[in-house]
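In: no sequence on this one, just coordinates:
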């Protein structure tokens, strides 16, 4: 689907919807007139409009009238109600629904919508706002390869996009859906350590953030295992191996593994 014919709507105008919409616009994939959103909360509508300069509505049905690709960006427990509410406006030939609701399976989405409705289930993350998201998607039973290409085009415009089997989506939620929060916590902690060691706060924060960014780029661009890259920094008897010993004593590795599994389990329960 070309950018000239692409129109994107959001049912729910929260932070994730705003990040995606703003990312699509900044990437040049759509212009503000090709984007719209609905939300029952005035604060959500106002923030979305302020960030995107796109149209906002109080009624979900208005989004279906204006857009062909519809992002379901409401809370998981609201999905069935929202789909029932827009059922009279759904045109299975015209509308493609993209759900970003954590834990809500394709089977539940399809059961709550008119027969033949096309769904793609997506787990994005908020770095879409800066063109650096990590997203995964999976197709419903009625979705076509053309639908997959449309979703790939949208998500790839704001970062990395991978198609996976649906059984893996909850694991994706644990790794990359919730992952930015883990990274922000690490940046904050590294910066605090820098301040404790005598660095000014602004210097420590910039160094910490750039360090995580640089390390991530090395993993992606070299294709080497993170352990190999880690070992290359750990000189015998040096400062880094001493620091790694403290991290291992503190259980950082185990805590991150547990965090990912906890988030994935929570996603399943939300569904």
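Out: On my side now, so go ahead. For clarity, every value in this text was computed on a predicted model and none was experimentally measured.
In: I'd guess residue 240 is in a helix, am I close?
Out: Yes - counting by DSSP: H, G, I helix; E, B strand; the rest coil, residue 240 is part of a helix.
In: for this protein, which segments count as strands?
Out: Counting by DSSP state E, one finds strands in the chain at the ranges 8-11, 35-38, 55-57, 69-72, 96-99, 118-123, 133-139, 159-163.
In: pull out the buried positions in stretch 155-164.
Out: 155, 157-159, 161 (16 or more other CB atoms under 10 Å). In this view, the C-beta of every residue, glycine as well, is placed from N, C-alpha and C.
In: meant to ask about stretch 89-96, not that
Out: 89-90, 95-96.
In: how distant is that stretch from the center of its chain?
Out: Between the centre of stretch 89-96 and the centre of its chain there are 24 Å (CA atoms, centre = their mean, to the nearest Å).
In: what's next to that stretch, contact-wise?
Out: Identification of contacts with stretch 89-96 by CB atoms under 8 Å, 6 or more residues apart in numbering yields 61, 64-65, 68-70, 113-120, 142-143, 147, 150-151.
In: if we go to 10 Å?
Out: 1, 8-9, 59-65, 67-71, 83, 86, 97, 113-120, 140, 142-144, 146-147, 150-151 (CB atoms under 10 Å, 6 or more residues apart in numbering).
In: which of those count as buried?
Out: Buried, going by 16+ other CB under 10 Å: 1, 8-9, 60, 62-64, 67-71, 83, 86, 97, 113, 117-120, 140, 142-143, 147, 150-151, out of the contacts of stretch 89-96.
In: for residue 77, see how far away the nearest residue to residue 84 once chain neighbours are set aside is.
Out: Closest residue to residue 84 apart from its sequence neighbours, by CB to CB, 6 or more residues apart in numbering: residue 112 at 6.6 Å. If you measure residue 112 against residue 77 using CB to CB, to the nearest Å, the figure is 12 Å.
In: pLDDT wise, what is the residue nearest to residue 84 at?
Out: Per-residue pLDDT puts residue 112 at 95.
In: same question, residue 3
Out: 53.
In: grab the longest helix from this structure for me.
Out: helix 201-222 (DSSP state H).
In: got the contact list for it?
Out: For helix 201-222, using CB under 10 Å, 6+ apart, the contacting residues are 132, 134, 160, 183-184, 186-200, 224-226, 228-230, 232-233.
In: sorry, back to before: kindly indicate which of the buried residues of stretch 155-164 lies nearest residue 31.
Out: residue 157 (13.1 Å; CB to CB).
In: who touches the closest one in this structure?
Out: 3, 20, 23-30, 128, 131, 133.
In: most neighbours, which of those?
Out: Highest neighbour count within the contacts of residue 157, by other CB atoms under 10 Å: residue 20, with 30 neighbours.
In: not counting its neighbours along the chain, what's nearest that one?
Out: Leaving aside its chain neighbours, residue 20 sits nearest to residue 128 (5.2 Å; criterion: CB to CB, 6+ apart).
In: swap in residue 39?
Out: residue 13 (3.8 Å).
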